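Asks: Pasting the sequence and the predicted coordinates here, then a few questions.
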Amino acid sequence: MIKNRLPACLLLLLFPFFLRSQSTSNDCANAQLLCNKNLVTVPFFNGAGSNTSEVGTPSCLEFPFPESHSSWFKWTIETSGSLGFTILPINEQDDFDFVLYRLQGDLSQYDLREELRCLAYGPEMGESKSVGQNCTGATGLVAGAAPTAFGEGCPVGVENFLELVSVESGESYILFVNNFRSSNGFLLEFSGTCTFKEIAGPCNTSTSTVLNNLQDAVLDVSEVVPNPATDAAQINLTATRALAGQLLLIDLNGRIRKSNPLTIMPGENILSLDVSLLEPGVFFVKIRLEGHTYLARFYKH
């Protein structure tokens with residue numbers, strides 16, 4: 001994320017994404033309750049909320065966090081284990097940051113929180129978007145990453161991920177996500193061995209696996225089928241005109257595993273996906289077509 005001292009979130013592999021509306025909670029007090037580790041789809045941010053100073057000065061910055069476009073999420077652990085997550089922006093040039101907290105009480109005591117992980121790397125204010133690209137795009141917690149990070153600038157060789165967190169049954173957590181550059185949304189995919197507790201309340205109930213920023217009626221795209229996939233899958237796409245773009249295949253660690261040019265013809269298109277050489281796990285497909293972006297999550301058996 002851009003950081004600045006300011007005063008006191010045809011063939012080959014092809015998978016498009018739709019993004020269904022997911023309410024965004026941009027203040028800690030009304031954080032979105034999560035009752036399972038289902039994929040969370042956030043099409044856009046609704047600003048920074050009414051309290052833009054609640055993050056304060058986190059450990060990864062030397063000044064108050066410049067909250068701009070934010071979302072908050074909360075949950076309680078059912079089964080102990082490891083906790084990880086991947087934040088995948090709809091626009092990979094956006095600068096996403098996050099802070100993960102453990103609550104000292106239950107979910108209602110959100111002011112009593114202990115910071116566990118903070119990542120706020122990003123190009124400096126005024127730098128070109130091409131600068132520090134390793135500090136933009138996908139971010140989160142994955143196995144084998146550094147346990148801590150500091151946020152001013154984008155040091156050479158830095159990774160945009162931090163280490164998993166060990167969690168215990170009954171503990172409650174809050175996650176703050178901020179997009180420093182724009183109101184564009186993201187996918188939030190949880191990983192690790194822990195499970196979340198089912199709690200009475202307005203839980204996230206979305207079952208969508210796709211997200212997009214479609215702004216006109218030039219495209220109609222299906223989800224990836226079958227999902228999970230073993231060797232092959234397909235996507236059905238209908239276009240009102242010819243479109244050219246790019247397909248990206250991204251793994252849970254944010255690494256681009258494949259990048260291919262893409263041409264879509266007017267009418268119905270069947271996009272065949274060869275996933276036979278992928279290892280088992282979670283993958284994301286990103287399709288960029290002349291200003292339109294689609295993200296989709298699928299499992300490889």
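Replies: Everything's here; your move.
Asks: was I right about H301 contacting T230?
Replies: Yes - between H301 and T230 there is a contact under CB atoms under 8 Å: 4.7 Å. C-betas here are computed from N, CA, C, even on glycine.
Asks: so what's I270 bridging to?
Replies: When bridges are called by DSSP bridges, I270 pairs up with N236.
Asks: What distance do you get for it to N227?
Replies: From I270 over to N227 the distance is 16 Å, taken as CB to CB, to the nearest Å.
Asks: Can you report how many residues neighbour the residue nearest to D94 when sequence neighbours are not counted?
Replies: Take D94 and drop its neighbours on the chain: the residue closest to it by CB to CB, 6 or more residues apart in numbering is R181, 4.8 Å away. By the criterion of other CB atoms under 10 Å, R181 has 19 neighbours.
Asks: per the record, what domains does the chain have?
Replies: Dividing the chain into domains by automatic domain parsing, as the record does, gives the ranges 28-206, 212-300.
Asks: quick check, A29 in a strand?
Replies: No - according to DSSP: H, G, I helix; E, B strand; the rest coil, A29 belongs to no strand; its state is helix.
Asks: Spit out the contact partners of the closest residue to it other than its chain neighbours.
Replies: Spatially, and ignoring its direct neighbours in sequence, A29 is nearest to Y110 (6.5 Å; CB to CB, 6+ apart). When contacts are counted by CB atoms under 8 Å, 6 or more residues apart in numbering, Y110 touches C28, A29, A31, K74, L103, I174.
Asks: pretty sure the fifth one contacts G170?
Replies: No - with contacts defined as CB under 8 Å, L103 does not count as touching G170, sitting 10.8 Å away.
Asks: So between the two, which is more surrounded?
Replies: Set side by side, L103 and G170 show more neighbours around L103, with 19 against 11, by other CB under 10 Å.
Asks: Looking at strand pairing, list the partners for the more buried one.
Replies: Beta bridges link L103 to R113, judged by DSSP bridges.
Asks: Could you pull up the residues touching P58?
Replies: Counting by CB under 8 Å, 6+ apart, the residues that P58 touches are F65, V99, E115, C118, A120.
Asks: Kindly recompute the last result at 6 Å.
Replies: P58 makes contact with F65, V99, C118, according to CB atoms under 6 Å, 6 or more residues apart in numbering.
Asks: Filter those down to just the ones in strands.
Replies: Secondary-structure check on those using DSSP state E: residues within strands are V99, C118.
Asks: Just send the contacts of P58 back as TSV, with distance to C35 and pLDDT too.
Replies: As requested, the contacts of P58 are arranged in TSV below (distance: CB to CB, whole Å; pLDDT from 0 to 100):
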residue	distance to C35	pLDDT
F65	28	90
V99	22	96
C118	25	94
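Asks: Throw the contacts of P58 into JSON lines and include neighbour count and distance to G49, thanks.
Replies: Formatted as JSON lines, the contacts of P58 follow (neighbours: other CB atoms under 10 Å; distance: CB to CB, whole Å):
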{"residue": "F65", "neighbour count": "27", "distance to G49": "12"}
{"residue": "V99", "neighbour count": "24", "distance to G49": "14"}
{"residue": "C118", "neighbour count": "22", "distance to G49": "19"}
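Asks: partner strands of the helix or strand of the chain with the lowest mean pLDDT, parallel or antiparallel?
Replies: Taking mean pLDDT, DSSP states H and E as the measure, the helices and strands of the chain show their lowest mean at strand 210-212, namely a mean of 76. Next to strand 210-212 in the sheet, as set by DSSP bridges, lie strand 292-300 (antiparallel).
Asks: what comes up buried for the partner strand?
Replies: Applying a neighbour-count criterion of 16 or more other CB atoms under 10 Å, the buried positions in strand 292-300 are H292, T293, Y294, L295, A296, R297, F298, Y299, K300.
Asks: and what of stretch 33-44?
Replies: Of the residues in stretch 33-44, those buried by neighbour count under the rule 16+ other CB under 10 Å are L33, L34, C35, K37, N38, L39, V40, T41, V42, P43, F44.
Asks: What is the neighbour count of E189?
Replies: Neighbours of E189 under the rule other CB under 10 Å: 22.
Asks: do N212 as well
Replies: The criterion is other CB under 10 Å. On that basis, N212 has 22 neighbouring residues.
Asks: is it true that it touches Y294?
Replies: Yes - applying CB atoms under 6 Å as the test, N212 and Y294 come out as touching, 4.5 Å apart.
Asks: tell me which residues form a beta bridge with the residue nearest to the spatial centre of the chain?
Replies: Using CA atoms, centre = their mean, the residue of the chain that lies closest to the mean C-alpha position is I87, 2.2 Å off. Under DSSP bridges, the beta-bridge partners of I87 are T139, L188.
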